[in-house]
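>>> Got a sequence here, can you build the structure:
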Amino acid sequence: MSLYLSAGVSGIAVGLLYGLIGFAIVMLYKSTGVANFAQGTLGTLGAFAAFTLLTDLGFSLYAAALLSLIISWLMGIVIFFVVIVPRDSGNLNTTVRTLGLSMLVLAAMELQWGASAPYRFPPVVEGGFSLLGVVIPGQAVVTAVIALALAAVLWAFFQFTPVGLSLRALAEQPDTARLLGLRATRLGAMTWGVSCVFGTVVAVLLAPSAFLLPSMMDAYLMFTFTGIVLGGLTSLPGALIGCVIVGVISNVATVAFSPEVGVVVIFVLLLASMLLRPQGLLGKPESVRL
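Numbering: from 1, shown residues only. Okay, here's the model as predicted:
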């Protein structure tokens, strides 16, 4: 029983990381109508930037992580202006562009780092502790704390800051917000910067257990999309709740049966959610005017 409880606790921590990726994807989708399929590879690229600063340039772990977040912020802004803004041909075209961007970044990482992959990435904390007979890894605790702190900061940002309120207005009523004078291009660049930062945070926290390699985030991104669909594609709280559910179920199923069964269970959950409640747990059904 303690093994299952430990798996559940670790699943919550991993689910919160899925939730951070989900926040970024939902935020972009709500504000631009684009599902970013490059979220995972861009986060992995940020983790490789931290790894390079750490191993080749001699930075400490915390300094390398902080600098990689700044690099990711700038990278997101550049990608927005180079890849997303030119030739606005509709949301579908832009979504496919993010898929092409993902394959390009993955190929570049394979070229630069793939030959010697995977790499060992140092954890933020070593070891763990026992609570009521349940072994809890220290990295899982740090992961959960960071994820909850970022979620709280993001909630406060959207609720109480002028920029956050502008982003909410752009997300909820984009045409009206533009007519009222909101600078959609500047806000879109900021959203892409934040999205890349969140991806890098997740990749850096996952790298010690998943090992750092170019395709590290592929499976996690699939689990994240499952959590987003389960919670609601247009709901930030729903993305977090759905991703935590996915993290717990996948971990417990993996411990009870096998990693393969854990993956099958998650995609059965995805299909059931799309069939029974397409809008998700906290999403709102879309009404279509005939």
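>>> alpha carbons only for contacts and neighbour counts from here, please
Noted.
>>> Check which residues of stretch 267-281 are buried.
Residues 269, 270, 273, 277, 278, 279, 280, 281 are the ones in stretch 267-281 that count as buried (16 or more other CA atoms under 10 Å).
>>> For the residues you listed, work out which two are farthest apart.
Greatest spatial distance in those: 269 and 279, 14.1 Å, computed using CA to CA.
>>> In this structure residue 193 contacts residue 72, no?
Yes: if you go by CA atoms under 8 Å, residue 193 and residue 72 touch, sitting 6.9 Å apart.
>>> neighbour-wise, which of these two wins?
Between residue 193 and residue 72, residue 72 has the larger neighbour count (other CA atoms under 10 Å), namely 28 against 24.
>>> For that one, which residues are in contact?
43, 46, 193, 196, 197, 200 (CA atoms under 8 Å, 6 or more residues apart in numbering).
>>> Assign a three-state SS to it, would you?
Following DSSP: H, G, I helix; E, B strand; the rest coil, residue 72 is assigned to helix.
>>> can you pull out the helices in the stretch 51-200 of the chain?
Shown for the stretch 51-200 of the chain, the helices assigned by DSSP state H, counting those that start in this stretch span residues 61-79, 91-113, 138-160, 162-172, 174-179, 184-210.
>>> And residue 266, which helix or strand is it part of?
Per DSSP states H and E, residue 266 falls inside helix 259-276.
>>> which stretches of the stretch 101-250 of the chain have low pLDDT?
Where the stretch 101-250 of the chain drops to pLDDT under 70, the residues are 127-137, 168, 170-180.
>>> that older thread, if you count contacts, what does the helix holding residue 266 end up packed against?
Counting contacts by 3 or more CA pairs under 8 Å, 6 or more residues apart in numbering; DSSP states H and E, helix 259-276 packs against helix 218-231, helix 236-256.
>>> the inter-axis angle of the last one versus helix 218-231?
Just to be clear, that refers to helix 236-256. Taking axes from the mean of the first three to the mean of the last three CA atoms, to 10 degrees, one finds helix 236-256 and helix 218-231 inclined to each other by 120 degrees.
>>> Which strands or helices does helix 236-256 pack on?
With contacts taken as 3+ CA pairs under 8 Å, 6+ apart, helix 236-256 sits against helix 2-32, helix 218-231, helix 259-276.
>>> Indicate which one of those helices is closest to residue 110.
For residue 110, the closest of the helices and strands packed on helix 236-256 is helix 218-231, at 13.7 Å, according to CA to CA.
>>> ok, and what's touching the closest one?
Counting by CA under 8 Å, 6+ apart, 18-19, 21-22, 26, 39-41, 237-246, 266-267, 269-270, 273-274, 278-283 sit against helix 218-231.
>>> what's the answer for stretch 206-216, then?
With CA under 8 Å, 6+ apart as the test, stretch 206-216 has contacts from 41, 44-45, 47-48, 106, 109-110, 113-114, 117-123.
>>> Filter those residues down to the buried ones and hand me the ChimeraX line.
Here is the ChimeraX selection string for the buried members of the contacts of stretch 206-216, based on 16+ other CA under 10 Å:
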select :41,44,45,47,48,106,109,110,113,114,118,119,121,122,123
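>>> Which members of the contacts of stretch 206-216 are positioned in strands?
Nothing among these maps onto strands, per DSSP state E.
>>> related to what we said a few turns ago, present the helices and strands packed on helix 236-256 as CSV; the columns should include distance to residue 139.
Shown next, in CSV, are the helices and strands packed on helix 236-256 (distance: least, CA to CA, whole Å):
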stretch, distance to residue 139
helix 2-32, 9
helix 218-231, 17
helix 259-276, 21
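>>> Minimum distance to residue 162: which of the ones you listed has it?
helix 2-32 (15.8 Å).
>>> Please name every helix or strand in contact with that closest one.
Secondary elements touching helix 2-32 (3+ CA pairs under 8 Å, 6+ apart): strand 134-137, helix 138-160, helix 162-172, helix 184-210, helix 218-231, helix 236-256.
>>> Reformat the ones you listed into a markdown table and put distance to residue 76 next to each item.
Conversion of those to a markdown table gives the following (distance: least, CA to CA, whole Å):
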| stretch | distance to residue 76 |
| --- | --- |
| strand 134-137 | 32 |
| helix 138-160 | 18 |
| helix 162-172 | 17 |
| helix 184-210 | 4 |
| helix 218-231 | 18 |
| helix 236-256 | 20 |
